[in-house]
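Engineer: give me a model of this one.
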Amino acid sequence: MTAEQDNVTRIHVDNKEVVLVGTAHVSRQSAEQVKEVIDEEQPDSVCVELDEKRYESMSNRDEWKNMDIFKVIKEKRASLLLMNLAISSFQKRTAKQFGIQSGQEMKQGIESARESGAELVLADRDIQITFARIWQKVGFFGKAKLLMMIIFSIFNNESITEEELEKMKNQDMLQSMLQELTRSFPRLKKPLIDERDQYLSHKIKNAPGEKVVAVLGAAHVPGIKEEIYKEQDLGELEQRPVSKAPKIIAWTIPLLVIAVIAYTFYANPSAGLQQTVSWLIWNGSFSAVGAAAALGHPLTIITAFIAAPLTSLNPLIAAGWFAGLMQAYIRRPNVEDFERLSDDVHSAKGFWSNKVTRILLIVVLANVGSTIGTMIGGADVLRLFFENL
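Structural biologist: Residues are numbered from 1 along each chain as shown. I've put the predicted structure just below:
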């Protein structure tokens, strides 16, 4: 049984009363409404759309100062970190436009839970698991498109009115937005929205007490209204994707390139030399262009050029990692860079000027360039092979 009024949905399930507060993540009215609802309802539990890592990041403002950029690169987390920063940049720019804090409604939920004595429940799935499942679903061209959209979003300085923000909480409009998302990325909606609806529903339904207030983005309300009455397999939803196909493809391409060049060298050394030069030039040049686009140091650009042709033949390493490590060594971020990080992601200039985000951009763009170079260089290697059969 459900009842709805002013972005607040009341559900009764398993002798528990659940109050869903649908919010816009950068809206002052949303934060005010969260406080009003919790004050009026006096729930036993308050669920917020956060996982442990985002909660710690929100609670510990000095977290960035302790980040080891070398460790981030070595653990292959540069792309995920850049993606997370870029996605949050629009929210932060919009929040700054209205003089509020991004995620203020979640902070208000946490604060109101403490003031009312309610138990705080972090109800969202680990963001790294969500990103990993998104990455696995979109495919190669989807990854390229998604990365480009995220990078281009850094340059988006479009302003919106607070009235337009409030319209985001209209459920019909939200459903329309989700349909548009599905058309652009058919495989993205499932891990980003549907699975998290299921995860959030399970956490909300199993929160302690007889009355629960859940503070979450309005996009999740329609799905949770359906999923909360179903049984969810939390173990399956928390699994990181494991697929042999990408690994097989990743090893097949370099082995094929090596075999083709080796055979050509045997049959026609001159053509084999042409293939080798083509592979080196295409791979190195595109990776170097990527590093240069991120405003890397000259030695960083040279590192990308040298590393790309070699790393493209080994799926376990990537040109961007070497370029990023070189940049971090030459232009190591200082405490001030980490302190400014949350402010610098408000603008494209900040992304490129901050030493931390510049390193992340170098890793990602050098890798993208190397991938493009691998495709073009591989095609040219095959062309020379067939021409000299």
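
Engineer: low pLDDT regions in the stretch 201-350 of the chain?
Structural biologist: Within the stretch 201-350 of the chain, the stretches with pLDDT under 70 are 243-247, 339, 342, 346.

Engineer: what about the helices in it?
Structural biologist: Applying DSSP state H, counting those that start in this stretch to the stretch 201-350 of the chain gives helices spanning 221-227, 234-237, 244-267, 269-293, 298-311, 319-330, 335-344, 348-353.

Engineer: could I get those as a markdown table with distance to Val212 and mean neighbour count?
Structural biologist: Glycine gets a C-beta too; all of them are placed from N, C-alpha and C. Converted to a markdown table, the helices of the stretch 201-350 of the chain look like this (distance: least, C-beta to C-beta, whole Å; neighbours: other C-beta atoms under 10 Å):
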| stretch | distance to Val212 | mean neighbour count |
| --- | --- | --- |
| helix 221-227 | 12 | 19 |
| helix 234-237 | 17 | 12 |
| helix 244-267 | 40 | 13 |
| helix 269-293 | 48 | 21 |
| helix 298-311 | 50 | 23 |
| helix 319-330 | 44 | 25 |
| helix 335-344 | 31 | 16 |
| helix 348-353 | 39 | 16 |
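
Engineer: let me have those in a markdown table, extended by distance to Val13.
Structural biologist: Shown next, in a markdown table, are these (distance: least, C-beta to C-beta, whole Å):
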| stretch | distance to Val13 |
| --- | --- |
| helix 221-227 | 10 |
| helix 234-237 | 17 |
| helix 244-267 | 39 |
| helix 269-293 | 50 |
| helix 298-311 | 52 |
| helix 319-330 | 47 |
| helix 335-344 | 38 |
| helix 348-353 | 44 |
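
Engineer: closest to Leu122 out of those helices?
Structural biologist: Closest to Leu122 of these, according to C-beta to C-beta: helix 234-237, at 13.7 Å.

Engineer: state which helix of this protein is the longest.
Structural biologist: Using DSSP state H to define each element, the chain has its longest helix at helix 355-387.

Engineer: contacts for stretch 124-134 next, please.
Structural biologist: 48-54, 80, 83-84, 146, 188, 191-192, 195-196, 199-200, 203, 237-241 (C-beta atoms under 8 Å, 6 or more residues apart in numbering).

Engineer: of these, which belong to strands?
Structural biologist: Judged by DSSP state E, strands contain the following of the contacts of stretch 124-134: Val48.

Engineer: now the contacts of stretch 124-134: which count as buried?
Structural biologist: 48-51, 54, 80, 83-84, 146, 188, 191-192, 195-196, 199-200, 203, 237 (16 or more other C-beta atoms under 10 Å).

Engineer: wait, which of the helices of the stretch 201-350 of the chain is closest to Val72?
Structural biologist: Nearest to Val72, of the helices of the stretch 201-350 of the chain and by C-beta to C-beta, is helix 319-330 at 8.8 Å.

Engineer: mind saving the C-alpha coords of that closest one as CSV?
Structural biologist: What follows is helix 319-330, C-alpha atoms only, in CSV (Å, rounded to 0.1, in the frame of the first residue of the first chain):
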residue,chain,number,x,y,z
ALA,A,319,50.7,3.1,-21.5
GLY,A,320,48.7,5.5,-19.4
TRP,A,321,50.0,4.0,-16.2
PHE,A,322,53.6,4.7,-17.2
ALA,A,323,52.8,8.2,-18.4
GLY,A,324,50.9,8.9,-15.2
LEU,A,325,53.7,7.6,-13.0
MET,A,326,56.2,9.8,-14.9
GLN,A,327,54.0,12.9,-14.5
ALA,A,328,53.5,12.1,-10.8
TYR,A,329,57.2,11.8,-10.4
ILE,A,330,58.0,15.0,-12.2
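
Engineer: by how many degrees do it and helix 269-293 diverge?
Structural biologist: 50 degrees (axes from the mean of the first three to the mean of the last three C-alpha atoms, to 10 degrees).

Engineer: quick one on the thing from earlier: nearest to Asp380, out of the helices of the stretch 201-350 of the chain?
Structural biologist: It is, among the helices of the stretch 201-350 of the chain and with distance given as C-beta to C-beta, helix 269-293, at 4.5 Å.
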